[in-house]
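Enquirer: Fold the following.
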Amino acid sequence: MSNMEKHLFNLKFAAKELNRNAKKCDKEEKAEKAKIKKAIQKGNTEIARIHAENAIRQKNQAINFLRMSARVDAVAARVQTAVTMGKVTKSMAGVVKSMDATLRSMNLEKISSLMDKFEHQFETLDVQTQQMEDTMSSTTTLTTPQNQVDMLLQEMADEAGLDLNMELPQGQTGSVGTSVASTEQDELSQRLARLRDQV
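Expert: Here you go, the predicted model:
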């Protein structure tokens with residue numbers, strides 16, 4: 001097995017690992033949702049809000065892992081093509097050297113910048129396919145939109161058949177601004193759901 005083939009194997013392995021992390025976040029999200037219900041049942045809205053923020057953070061993190069997994073997968077396919085066509089350049093080999101430790105770290109930002117370097121190699125090489133969008137929206141993993149938190153709290157209260165004793169700020173329905181984002185979220189949520197079914 002050549003060096004490049006070994007790195008190719010590591011890329012494919014990392015894509016699977018990122019997928020696994022997405023599932024882990026998915027489980028955490030479910031656990032947090034259960035805690036929301038318990039807190040609401042005890043009339044503890046503040047604690048419920050904390051768990052709601054955690055649940056949304058886990059959901060967004062799962063989506064980020066899923067996106068990065070798809071991106072690493074796409075790069076692996078292009079490396080495969082380069083290896084098959086014997087078009088592995090010196091500069092590409094250079095990018096590959098720092099790869100293993102970065103992939104092992106499972107740090108999305110580091111992996112993202114590594115994928116940027118790879119994609120740049122493929123652009124200059126012109127080995128097929130378009131540049132993939134930059135998927136690391138680190139903000140979504142750190143900040144939690146309050147309207148999502150409120151909606152999740154309400155959903156959990158409804159499921160538990162309880163009234164939620166909290167006043168939502170006027171005009172914070174959040175329907176207009178989030179419609180575009182939620183379409184993408186829904187699509188990714190469906191992919192997550194399909195993944196769950198495969199487990």
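Enquirer: Backbone torsions only: list them for residue 107.
Expert: phi -90, psi 110 (degrees, to the nearest 10).
Enquirer: From residue 114, how far out is it?
Expert: From residue 107 across to residue 114, the span is 10 Å (Cβ to Cβ, to the nearest Å). No exception for glycine: its C-beta is placed from N, CA and C like everyone else's.
Enquirer: where does the protein have low pLDDT?
Expert: Counting by pLDDT under 70, the chain shows low-confidence ranges at 1-2, 85-98, 100, 121-145, 163-186, 198-199.
Enquirer: one step back: residue 107 and residue 114: which has the busier surroundings?
Expert: When residue 107 and residue 114 are compared on other Cβ atoms under 10 Å, the one with more neighbours turns out to be residue 114, at 22 against 12.
Enquirer: Can you give me the separation between that one and residue 69?
Expert: Between residue 114 and residue 69 the distance, using Cβ to Cβ, works out to 14 Å.
Enquirer: Same question for residue 50.
Expert: On the measure of Cβ to Cβ, residue 50 and residue 69 end up 29 Å apart.
Enquirer: Which residue of those two possesses the greater neighbour count?
Expert: Set residue 50 next to residue 69 and count neighbours by other Cβ under 10 Å: residue 69 wins out with 22 against 16.
Enquirer: need the contact list for that one.
Expert: Residue 69 makes contacts with 15-16, 18-19, 22, as judged by Cβ atoms under 8 Å, 6 or more residues apart in numbering.
Enquirer: same thing but at 10 Å, please
Expert: When contacts are counted by Cβ atoms under 10 Å, 6 or more residues apart in numbering, residue 69 touches 14-22, 111, 135, 195.
Enquirer: Just give the closest residue to it, not the sequence neighbours.
Expert: Taking Cβ to Cβ, 6 or more residues apart in numbering, and ignoring the residues beside it in sequence, residue 69 has residue 18 as its nearest neighbour in space, at 3.7 Å.
Enquirer: pretty sure the one you found contacts residue 76?
Expert: No: with contact defined as Cβ atoms under 10 Å, residue 18 does not reach residue 76; the gap is 11.7 Å.
Enquirer: quick one: which of those two has more around it?
Expert: It is residue 18, of residue 18 and residue 76, that has more neighbours when counted by other Cβ under 10 Å, with 23 against 20.
Enquirer: What helix or strand is the more buried one located in?
Expert: In this structure, residue 18 is located in helix 3-41 according to DSSP states H and E.
Enquirer: Quick check on the contacts of residue 69: which are buried?
Expert: Of all the contacts of residue 69 considered here, the ones buried according to neighbour count by 16 or more other Cβ atoms under 10 Å are 14-15, 17-19, 21-22, 111, 135, 195.
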